[in-house]
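> Structure, please.
(one chain, ligands or ions: 1)
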Amino acid sequence: MKTMLRAENLSKTFVLHNQNGARLAVLHNASLQVAAGECVVLHGHSGSGKSTLLRSLYANYQPDSGHIWVNHQQQWVDLVSAPARDVLAVRRDTLGWVSQFLRVIPRISALEVVMQPLLERGVGREECQDKASHLLSRLNVPQRLWQLAPSTFSGGEQQRVNIARGFIAGHPILLLDEPTASLDSANSQAVVGLIEEARAGGAAVVGIFHDAAVRERVADRLHVMQPEGGETGQ
Ligand SMILES: Nc1ncnc2c1ncn2[C@@H]1O[C@H](COP(=O)(O)OP(=O)(O)OP(=O)(O)O)[C@@H](O)[C@H]1O
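Residues are numbered from 1 along each chain as shown. The predicted model follows:
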């Protein structure tokens, strides 16, 4: 199967400058490969570095060493050393991200928030709107909310807008940070359905899922984080 994402020997130590320079070694030579059509779930105790690894894969955190190779339009790009404009291009076309929380933009409607990643690719408004409506319906976001800004939505409603936004562009690689954390079981099932479809369509998925039932259903493989600040592959 085609490899889409290859992280090699990632190390990350946080230095807390405002706390006497305390150092927290979180990742030590973490390596991970994900193929098209595969879902790898990061697994380990609280504080073992799952979010740190996932954020590094999205280039939100800069590792101290190592490489993050992304198969971007048939070319390998190393996110650790790529210039910012290349990171943005990879995020627009190849690497999708669903965070735990929606970053709400005042006065922008839920529909518009969901459409944004596709609009940025130059897709026509009508098609974006159709896809956004379809996703919001699947995720049970009531139509009366679609034209409203999500700032007043419940936590679960905001999260479902966030998930619709994360899935709309059909990115070939998807990074999912606890996408079902604030959802009830019916809505979790809807998200699981989206993940399964994305995977069947060839997406490479890396995720964190605290819900064991969701994890067992979506994971092809677990990537076990090594306790005590170290970390190993699979
Ligand atoms: N931005 C940061 N600055 C300093 N320390 C951080 C930062 N982000 C994470 N850490 C530390 O790194 C360690 C790993 O955190 P991380 O959030 O990656 O763990 P996790 O496995 O995702 O945990 P959980 O399952 O509880 O969400 C923790 O000890 C945390 O305090």
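> show me where this structure has strands.
Using DSSP state E, the strands of the chain run over residues 3-16, 22-35, 39-43, 65-72, 75-78, 95-98, 173-177, 204-208, 221-224.
> is the ligand contacted by the last one?
No: applying CB under 6 Å from any ligand atom, one finds strand 221-224 separated from the ligand by no less than 11.6 Å. Every C-beta, even on glycine, is put in place using the N, C-alpha and C of the backbone.
> What strands line up against that strand, and which way round?
Strand 221-224 sits in its sheet next to strand 39-43 (parallel), going by DSSP bridges.
> near the ligand, anything from the partner strand?
No: Strand 39-43 lies out of reach of the ligand by CB under 6 Å from any ligand atom, never closer than 7.6 Å.
> Report the inter-axis angle for that strand versus strand 204-208.
20 degrees (axes from the mean of the first three to the mean of the last three CA atoms, to 10 degrees).
> got the angle for strand 39-43 vs strand 22-35?
Using the same axes, to 10 degrees: strand 39-43 against strand 22-35 is 160 degrees.
> contacting residues around strand 39-43?
For strand 39-43, contacts defined as CB atoms under 8 Å, 6 or more residues apart in numbering pick out 32, 34, 50, 53-54, 195, 199, 205-209, 215, 218-225.
> Could you pick out the buried ones from those?
Taking 16 or more other CB atoms under 10 Å as the criterion, what is buried in the contacts of strand 39-43 is 32, 34, 50, 53-54, 195, 199, 205-209, 215, 218-219, 223, 225.
> beta partners of the spatially most central residue of the chain?
Centroid-nearest residue in the chain: residue 175, 2.5 Å away (criterion: CA atoms, centre = their mean). Going by DSSP bridges, residue 175 is paired in beta bridges with residue 97, residue 206.
> Any chance of a markdown table for the strands of the chain, columns mean pLDDT?
Formatted as a markdown table, the strands of the chain follow (pLDDT from 0 to 100):
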| stretch | mean pLDDT |
| --- | --- |
| strand 3-16 | 95 |
| strand 22-35 | 93 |
| strand 39-43 | 96 |
| strand 65-72 | 97 |
| strand 75-78 | 97 |
| strand 95-98 | 94 |
| strand 173-177 | 97 |
| strand 204-208 | 97 |
| strand 221-224 | 95 |
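> Now distance to residue 126 too, for those strands, in CSV please.
Shown next, in CSV, are the strands of the chain (distance: least, CB to CB, whole Å):
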stretch, distance to residue 126
strand 3-16, 30
strand 22-35, 34
strand 39-43, 32
strand 65-72, 28
strand 75-78, 32
strand 95-98, 22
strand 173-177, 25
strand 204-208, 29
strand 221-224, 39
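> Residue 162 is nearest to which of those?
strand 95-98 (6.1 Å; CB to CB).
> And residue 97, how far from residue 192?
Note on residue 97: its distance to residue 192, by CB to CB, to the nearest Å, is 18 Å.
> Looking at these two, which one has more neighbours?
residue 97 (21 against 18; other CB atoms under 10 Å).
> What residues does the more buried one make contact with?
58, 91, 166, 174, 175, 177.
> residues touching the fifth one, list them.
For residue 175, the contacting residues are 54, 57, 58, 95, 96, 97, 98, 205, 206, 207, by CB under 8 Å, 6+ apart.
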